[in-house]
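A.B. asks: Sequence plus the predicted model coming up.
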Amino acid sequence: MIVAIIDGYTDEPAGLGVPPYLGIYPRYAYGALKKAGKDVSIFYLTIDDLRFTFEGEHGIKTKNKTPNVFETRKILEKADLIVYIGGLHTPGKYLSAVPSQVEEVSKFIKPFKGIKILGGPAFMGSAHEGGTKIGSKELALANQIFDHIVYGDLEAFLYDFITNPADADPFRFRTYKELRDYAILGAEIVKQFPDYPVVEIESQRGCPKAAGIGGCSFCTEPLRYRKVEDRPVEDIVKEVEILYTLGVRHFRVGRQSCIFSYMAKPDGRVPIPNPDALEKLFMGIRNVAPHVKTLHVDNANPAVIANYPKESIRIAKALIRYGTPGNVVAFGLESADPKVARLNNLNATAEETYEAVKILNEIGAKRGYNGMPWLLPGINILFGLPGETRKTYELTYEFLKRILDDGLLLRRINIRQVVVFPNTPLWHMREKVKTEKHKTLTKHYKYKIRHEIDFPMLKRLVPVGTVLRYVRAEIYDNGLTYGRQMGSYPLIVGIPKEVELNRFYDVMIVGHGFRSITGIPLPIDINREHSKVLSYIPGIGRKRLIKILARRPFRDKEVFLNMIEDKKSREMLRDKIITP
Ligand code: SF4
């Protein structure tokens, strides 16, 4: 049997599968198919392979991938089974890979005769931008194109479908016991992944807060997983070990609603954290993957950290001890307005979130060896929720301003507009959603936050002269190269020239945007570097640049340094320039 797995990329509240991330769904699907049948040949394709094959180069954003058009078509022609994985629930800005929708993939796969299966969160619909209401259109189209739509776990369905098709139930969920073999066998799919993967590792499903007092009004996680299940330490460590043996060096233990609640004891709104379990988990990972280059996490509930500071400090220290710098935990504050928080059953108050930001700063703000602080919080803000008024925006702004004024660090502020998914509590309040009504307010405050909070925060986070290491060049745009470090919420770095893609660079930060930074690759060859790049160096103005260009080549770097008047800039450059 020939199976084509098409990865349409997934982005959910508690899970990411957009390259360079390799999500859980394709891996588990591959593993379940492997376990089900010895004579199954499985081909992993990405939506970019299909875009390239059927629409040509203009269909894809990445210029660094050259999928084999002939192979892709041939695989789809021969495939007995075509499994599409997709679903975009928390749309963001993507650098080099853009998630797909049912509508897009349908037009590519419709002519092929293989049995078509839809898996992942796509059955709930996809949102390419905030402020949308997801209707049943996507599902209706999916019903026309796909022979089976899987509402439960894709891997459970695929295993049953191969071994006992008559009994395959698209609503069935697997247990962690059942997952064990799928995860181990599925690791092998990384060999077909056309990129350096950051592998997303599952640690928990369901949401402890939602299990205690119900989910946040907008969230899809509790709809799919009503109970909280923690994945056993041994299973996670085993999966990491196999992936590591296959060459994976970048991991995010990210498929969870709150890493601080891993193996926590349920206790209503705020579960009691379990630092011993986290210590065991991360120590175990580090033992089997000693030379890991990225070990990060994703979400955390600030209420857990604020209410259990002692336990949370132990957990944060373990994340630093075994993890790698640049680690970020995203706090879902969503709104600093207590009225909105109550009405939408949000997980933490503004006071709790502030407290959690402070605690993480005390433990994690120190800069690590890759140039980024070890462990910082991020804040998620959601505009458009029911109950929102003009005052809500002001309260949220004031909350962020307080963090800035108190000298604390945030890695990122993620502002989204709410998306209404069917069957969420928000669906039943959909008439009260304010995305349309508050469009102007949203625009105004987004601008204000970007200019007055993000910009100075970014300057504090990575001041001019900071060296960020291992920045991977990903795409060209307008004479610039954009890249980022591997990991959780990496900063986008614009390099003011075209450098070879898919290589890692150390860059010195020379400028700040609102959400990205400008960096120049090190070391700086002052005799050969392009004048445009030199012009970005702090302390070199237009006039000085002309003098420097006229004076090249420099035999002695001191001669060059003496041309820079500003002492601070001179000292900053001393170990970053070369005169070959
Ligand atoms: S805390 Fe709220 S947003 Fe986060 S997973 Fe739970 S229900 Fe969803």
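C.D. replies: Everything's here; your move. Numbers count the residues shown, from 1 in each chain.
A.B. asks: Every contact and neighbour count from this point should use C-alpha atoms.
C.D. replies: Fine.
A.B. asks: In the stretch 251-400 of the chain, which residue sits nearest the ligand?
C.D. replies: The ligand sits closest to Ser257 of the stretch 251-400 of the chain, with a gap of 4.5 Å, by Cα to the nearest ligand atom.
A.B. asks: mind listing what that residue touches?
C.D. replies: For Ser257, the contact set (Cα atoms under 8 Å, 6 or more residues apart in numbering) comprises Pro13, Ala14, Gln204, Arg205, Gly206, Cys207, Pro208, Asn299, Ala300, Asn301.
A.B. asks: Among the residues you listed, which one has the most neighbours?
C.D. replies: Counting neighbours by other Cα atoms under 10 Å, Pro208 leads these with 30 neighbours.
A.B. asks: Pop the domain breakdown of the chain in here.
C.D. replies: Domains of the chain are assigned by automatic domain parsing as 2-176, 198-226+256-268+280-461, 467-578.
A.B. asks: any chance of those in a markdown table, with distance to Glu241 and mean pLDDT too?
C.D. replies: Compiled in a markdown table, the domains of the chain are given as follows (distance: least, Cα to Cα, whole Å; pLDDT from 0 to 100):
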| stretch | distance to Glu241 | mean pLDDT |
| --- | --- | --- |
| domain 2-176 | 15 | 86 |
| domain 198-226+256-268+280-461 | 5 | 96 |
| domain 467-578 | 19 | 94 |
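A.B. asks: Dump the ones you listed to TSV, plus distance to Ile236.
C.D. replies: Listed next are the domains of the chain as TSV, based on distance: least, Cα to Cα, whole Å:
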stretch	distance to Ile236
domain 2-176	10
domain 198-226+256-268+280-461	7
domain 467-578	18
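A.B. asks: which residues touch Asn344?
C.D. replies: Shown in contact with Asn344 (Cα under 8 Å, 6+ apart): Cys216, Ser217, Phe218, Leu385, Pro386, Leu426.
A.B. asks: and if we set it to 10 Å?
C.D. replies: By Cα atoms under 10 Å, 6 or more residues apart in numbering, Asn344 lies in contact with 215-218, 334-335, 338, 385-387, 425-426, 429.
A.B. asks: What separation is there between it and Leu333?
C.D. replies: Counting by Cα to Cα, to the nearest Å, the separation of Asn344 from Leu333 is 12 Å.
A.B. asks: repeat for Asn327
C.D. replies: Per Cα to Cα, Asn327 is found 19 Å from Leu333.
A.B. asks: Nearest to the ligand among the contacts of Ser257?
C.D. replies: Cys207 (4.6 Å).
A.B. asks: ok so, going back, now narrow the contacts of Ser257 to whatever sits close to the ligand.
C.D. replies: Filtering the contacts of Ser257 for proximity to the ligand by Cα under 6 Å from any ligand atom leaves Cys207.
A.B. asks: nearest to Gly513, of the contacts of Ser257?
C.D. replies: The nearest member of the contacts of Ser257 to Gly513, counting by Cα to Cα, is Asn299 at 25.3 Å.
A.B. asks: I figured that closest one hits Val328, correct?
C.D. replies: Yes: counting by Cα atoms under 10 Å, Asn299 does reach Val328; the two are 8.2 Å apart.
A.B. asks: which residues are common contacts for these two?
C.D. replies: Between them, Asn299 and Val328 share these contacting residues under Cα under 10 Å, 6+ apart: Pro377, Gly378, Ser488.
A.B. asks: count of neighbours near the last one?
C.D. replies: Just to be clear, that refers to Ser488. Residue neighbour count, defined by other Cα under 10 Å, stands at 23 for Ser488.
A.B. asks: Kindly report the same for the first one.
C.D. replies: Each residue near Pro377 was counted by other Cα under 10 Å, and the total is 28.
A.B. asks: and the one helix or strand it maps to, what does it pack onto?
C.D. replies: Assigned by DSSP states H and E, Pro377 falls within strand 375-383. Secondary structure elements in contact with strand 375-383, counted by 3 or more Cα pairs under 10 Å, 6 or more residues apart in numbering; DSSP states H and E, are strand 299-300, helix 309-322, strand 327-334, helix 350-364, helix 390-405, strand 412-417, helix 439-449.
A.B. asks: relative to helix 390-405, how tilted is the fourth one?
C.D. replies: Read that as helix 350-364. 20 degrees (axes from the mean of the first three to the mean of the last three Cα atoms, to 10 degrees).
A.B. asks: check whether helix 350-364 contacts the ligand.
C.D. replies: No: applying Cα under 6 Å from any ligand atom, one finds helix 350-364 separated from the ligand by no less than 12.7 Å.
A.B. asks: Hey, what's the angle from that helix to helix 309-322? Just curious.
C.D. replies: 40 degrees.
A.B. asks: just how off-centre is helix 350-364 within its chain?
C.D. replies: Taking Cα atoms, centre = their mean, to the nearest Å, one finds helix 350-364 lying 22 Å from the centre of the chain it belongs to.
A.B. asks: One more: stretch 200-211?
C.D. replies: The answer for stretch 200-211 is 16 Å, by Cα atoms, centre = their mean.
A.B. asks: and the residue of the protein nearest the ligand?
C.D. replies: Counting by Cα to the nearest ligand atom, the chain gets nearest the ligand through Gly215, at 3.6 Å.
A.B. asks: Quick check: that residue touching Lys227?
C.D. replies: No: Gly215 lies out of contact with Lys227 (Cα under 10 Å); the separation is 11.5 Å.
A.B. asks: neighbour-wise, which of these two wins?
C.D. replies: Between Gly215 and Lys227, Gly215 has the larger neighbour count (other Cα under 10 Å), namely 24 against 15.
A.B. asks: Helix, strand, or coil at the more buried one?
C.D. replies: Judged by DSSP: H, G, I helix; E, B strand; the rest coil, the three-state class of Gly215 is coil.
A.B. asks: ok, and the closest non-adjacent residue to it?
C.D. replies: For Gly215, ignoring the flanking residues on the chain, the nearest one in space by Cα to Cα, 6 or more residues apart in numbering is Pro222 at 6.1 Å.
A.B. asks: do the one helix or strand the one you found maps to and the ligand meet?
C.D. replies: Pro222 is part of helix 221-224, with elements assigned from DSSP H and E. Yes: residues of helix 221-224 contacting the ligand under Cα under 6 Å from any ligand atom: Glu221.
A.B. asks: now for that helix, which elements pack on it?
C.D. replies: Using 3+ Cα pairs under 10 Å, 6+ apart: helix 221-224 touches strand 204-205, helix 208-213.
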